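Asker: All I have is the shape, not the residue letters:
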């Protein structure tokens, strides 16, 4: 279990080292933050809103085709780009600045 946790920590470290990445958030399926580089209040806000968005997107895709599922969402605003990778047990969210070139 410790090796798996270390591997996750290393992956998150690599993720946050990419140019433009502001932060990341991992939630459980209920939208409760498990791991985050954001401050607590910001993590809770992103978790609640983006979990709801991922749930709605999944429902819309399944309504169109019951054999299909959402694997990735990319949301871009004027200030940020938010990447959401929902899975059965966890949701990974990455917030980045779209203006920064790698």
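Answerer: Happy to help now that I have it. In this text, all values refer to a predicted model and were calculated from it rather than measured experimentally.
Asker: Now the least confident helix or strand in the chain by mean pLDDT: buried residues?
Answerer: Here the helix or strand of the chain ranked lowest by mean pLDDT, DSSP states H and E is helix 2-17, holding a mean of 75. By 16 or more other Cβ atoms under 10 Å, the buried positions in helix 2-17 come out as residue 12. Glycine gets a C-beta too; all of them are placed from N, C-alpha and C.
Asker: Following element in sequence after it, please.
Answerer: strand 21-28 (DSSP states H and E).
Asker: in its sheet, what does that next one sit against?
Answerer: Strand 21-28 sits in its sheet next to strand 33-36 (antiparallel), strand 90-96 (antiparallel), going by DSSP bridges.
Asker: Need the winner for burial among the ones you listed.
Answerer: Greatest average neighbour count among the strands paired with strand 21-28 goes to strand 90-96 (a mean of 20), per mean count of other Cβ atoms under 10 Å.
Asker: Tell me how far it lies from the chain's centre.
Answerer: In terms of Cα atoms, centre = their mean, to the nearest Å, the centre of strand 90-96 is set 1 Å apart from its chain centre.
Asker: ok, residues contacting stretch 43-51?
Answerer: Residues outside stretch 43-51 that contact it (Cβ atoms under 8 Å, 6 or more residues apart in numbering) are 25, 27, 30-33, 36, 38, 82, 84, 91, 93, 95.
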